[in-house]
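A.B. asks: coords please:
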Amino acid sequence: MTPDPTWPATSVDRLAGVPWGALRPFAAALDAPLARVLEGAPAERVLDRFLRERRDLRAEERCAAAEAVFGVGLWRRRLRHHAGAEASGRLLLASLLRDLAGRPDAEALCGLAPGALPAPVPPPRDLAAFYSLPDWLAAVIRREAGEGAAVLADALDRPGPIHLRANRARIDRESLALRLADEGVRTRPGLLAPDALEVTSPRPNLLALASLREGLAEVQDEGSQLLGEAVAAGAGEEVLDLCAGAGGKALQLAAAVGPSGAVHALDPDAERLARLGARAARAGAPWVRLHGPEIPTGLLVDRALVDAPCSELGALRRGPDLRFRIDPGGFAAHPALQLRLLERAAGCLRPGGRLVYATCTFRREENEEVALAFEGRRPDLERVPALPPGLAVARNGEAPRLLGADGFLRSWPHRHGTDGFFAAAWVRRRAGGT
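C.D. replies: Numbers count the residues shown, from 1 in each chain. Below is the predicted model:
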């Protein structure tokens, strides 16, 4: 397939702005880290270790090192088209600089002899190689995005923005923005979620911010915040978060129900629940109750969220090398687990209560097909729009709609600037079928 001239390349264009000249003093030291990434080690961990061992690197050098490790991890398939199928890590890095970032001095910057790289060749001729995707992922993207496949692939090749959520139990979004500005971090309001702020300062050290240490804000993608909004929890209500993990959405729900309500957080991972407990204390939300993996006997709630384990394809831009570490063979087991979790949550729902099913993937087998199969078993549930009316479209009126005619929520990196999420919602019918 010949590359379409309309295929976007913003993910490639951004590489020209990286301070690649800062690589020269330590390019050879990247051999071992790049080899580990290509062997399957998570790029983020490899980079963290490399930088901890070299705390004297200047800011530009740290930036170049990060882009080198992440860039080779992400673009390996495209780079092997240019540098050869057997190219080593540093040769792939040189190809990244020359063939994608447009640096004619790539070999010198990487400490390679002139002519180490093969002669330049045109870009690859198919979607998977052009955007450096495994074949299975390219097939999923084509199927789910249709004519927008190239735009979605390009979006997944760009780093995602950093979003914060104002803890509305402690501070409103506008006051948080002022507080962050005093701490040297620039932000702008999110377009979709009412408590979202997008960080616009380059590479801020969020862990050092007093506002985050004090529990005034949490790092949470705006699409993830929309899932919390889909629950539509109100003051004084009891909410079940069946797959709470470390608790980003549980804390969001806690802020919504306030001290007169309760959030019952469940997860089989005790360490993650312990982290949630610490975060809830920091956020000033002692009404988050931790229950381990089992629902307390007799628990009835007004709202329930099943943020189910899934293939997590919607968050691929958060881990640039993740696409090459995922085993798609494990995807087939997800729908059965997702259905079991939905059944467990539905059993806790009071009449008139709201149940939300959510994933961070764009695979229909884990999204629409699970939602339809579940509601086919549950005549006591009525499907309703997955977002309250005021959140069905972007507040600035520019972004495409989030809700389809079927009432399902879908957020996309290439359409909304969020990670890729899906949500469905149902209300339990009251006596008499109303």
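A.B. asks: care to break the protein down by domain?
C.D. replies: Structurally, the chain divides into domains by automatic domain parsing as follows: 10-114+126-133, 222-428.
A.B. asks: quick one, which of those domains is nearest to Ala177?
C.D. replies: domain 222-428 (14.7 Å; CB to CB). C-betas here are computed from N, CA, C, even on glycine.
A.B. asks: the closest one - what's its average pLDDT?
C.D. replies: Mean per-residue pLDDT for domain 222-428: 94.
A.B. asks: nearest to Arg213, of the domains of the chain?
C.D. replies: Smallest distance to Arg213 across the domains of the chain (CB to CB): 7.4 Å, for domain 222-428.
A.B. asks: centre of the chain to the closest one, how far?
C.D. replies: 14 Å (CA atoms, centre = their mean, to the nearest Å).
A.B. asks: first to last residue in it, what's the distance?
C.D. replies: 28 Å (CA to CA, to the nearest Å).
A.B. asks: contacting residues around stretch 117-127?
C.D. replies: 1-3, 7, 78, 81-84, 91, 94-95, 98-99, 106-107, 130, 133, 138, 141-142, 149-150, 153 (CB atoms under 8 Å, 6 or more residues apart in numbering).
A.B. asks: quick one: buried ones out of the residues you listed?
C.D. replies: The neighbour count (16 or more other CB atoms under 10 Å) marks 3, 78, 81-83, 91, 94-95, 98-99, 106-107, 130, 133, 138, 141-142, 149-150, 153 as buried among these.
A.B. asks: contacting residues around Ala64?
C.D. replies: Ala64 neighbours (CB under 8 Å, 6+ apart): 18-23.
A.B. asks: Ser11 now?
C.D. replies: 131, 154-155, 157-158.
A.B. asks: so which elements touch the longest strand anywhere in the chain?
C.D. replies: Ranked by residue count under DSSP state E, the longest strand found in the chain is strand 349-359. With contacts taken as 3 or more CB pairs under 8 Å, 6 or more residues apart in numbering; DSSP states H and E, strand 349-359 sits against helix 222-231, strand 301-307, helix 334-346, helix 368-377, strand 421-428.
A.B. asks: what lines up beside that strand in the sheet?
C.D. replies: According to DSSP bridges, strand 349-359 forms sheet pairs with strand 301-307 (parallel), strand 421-428 (antiparallel).
A.B. asks: any idea which of the ones you listed is most buried?
C.D. replies: strand 301-307 (a mean of 26; mean count of other CB atoms under 10 Å).
A.B. asks: any idea which residue sits dead centre in this protein?
C.D. replies: In the chain, the residue lying closest to the centroid (CA atoms, centre = their mean) is Ala315, at 3.3 Å.
A.B. asks: ok so that one is a helix residue?
C.D. replies: Yes: counting by DSSP: H, G, I helix; E, B strand; the rest coil, Ala315 is located in a helix.
A.B. asks: OK, contacts around it?
C.D. replies: Per CB under 8 Å, 6+ apart, neighbours of Ala315: 160, 221, 360, 419-420.
A.B. asks: ok, back up a step: need the max-distance pair from the contacts of Ser11.
C.D. replies: Largest separation among the contacts of Ser11 by CB to CB: Tyr131 and Arg158, giving 10.8 Å.
A.B. asks: which one of the two has more residues nearby?
C.D. replies: Tyr131 (29 against 18; other CB atoms under 10 Å).
A.B. asks: quick one: the residue lying closest to that one once chain neighbours are set aside and Cys310, what's the gap?
C.D. replies: Once flanking residues are discounted, Tyr131 sits nearest to Ala153: 4.0 Å by CB to CB, 6 or more residues apart in numbering. Remark: distance between Ala153 and Cys310 (CB to CB, to the nearest Å) = 20 Å.
A.B. asks: and the domains of the chain as a markdown table, adding distance to Arg203?
C.D. replies: Output for these, formatted as a markdown table (distance: least, CB to CB, whole Å):
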| stretch | distance to Arg203 |
| --- | --- |
| domain 10-114+126-133 | 7 |
| domain 222-428 | 16 |
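A.B. asks: figure out which of those is closest to Leu176.
C.D. replies: domain 222-428 (12.3 Å).
A.B. asks: now do the top helix by length along the chain: distance to the chain's middle.
C.D. replies: The longest helix of the chain (DSSP state H) is helix 59-83. Here helix 59-83 is found 21 Å from its chain centre; the criterion is CA atoms, centre = their mean.
A.B. asks: same question for that helix, mean pLDDT?
C.D. replies: 97.
A.B. asks: ditto for stretch 39-54
C.D. replies: Here the average pLDDT along stretch 39-54 is 96.
A.B. asks: with stretch 95-104 instead?
C.D. replies: What stretch 95-104 shows for mean pLDDT is 98.
A.B. asks: ends of it, what's the gap?
C.D. replies: Terminal residues of stretch 95-104 are spaced 10 Å apart (CA to CA).
A.B. asks: buried set for that stretch?
C.D. replies: For stretch 95-104, burial by neighbour count (16+ other CB under 10 Å) applies to 95-101, 103.
A.B. asks: stretch 26-44 too?
C.D. replies: Quick answer for stretch 26-44 (16+ other CB under 10 Å): 26-27, 30, 33-34, 36-38, 41, 43-44.
A.B. asks: could you do stretch 209-224 as well?
C.D. replies: So, applying 16+ other CB under 10 Å, buried residues of stretch 209-224: 209, 211-212, 215-218, 220-224.
A.B. asks: one more: stretch 154-167?
C.D. replies: Result for stretch 154-167 [16+ other CB under 10 Å]: buried residues 154-158, 160-167.
A.B. asks: which one of the residues you listed is nearest Leu299?
C.D. replies: Asn167 (25.4 Å).
A.B. asks: dihedrals phi and psi, that closest one?
C.D. replies: Note on Asn167: backbone dihedrals following degrees, to the nearest 10 are phi -80, psi 100.
A.B. asks: residue contacts, it?
C.D. replies: Going by CB under 8 Å, 6+ apart, Asn167 touches 215-218, 251, 255, 283-284.
A.B. asks: quick revisit: which of the buried ones among the contacts of stretch 117-127 fall in helices?
C.D. replies: 78, 81-83, 91, 94-95, 106-107, 130, 138, 141-142, 149-150, 153.
A.B. asks: quick one on the thing from earlier: and of the contacts of Ala315, the nearest to Leu242?
C.D. replies: Using CB to CB, these come closest to Leu242 at Cys360, 15.2 Å.
A.B. asks: which residues touch that closest one?
C.D. replies: 224, 310, 312-315, 419-421.
A.B. asks: same thing but 7 Å
C.D. replies: Counting by CB atoms under 7 Å, 6 or more residues apart in numbering, Cys360 makes contact with 310, 312, 314-315, 419-421.
A.B. asks: what of Pro161?
C.D. replies: 198, 417.
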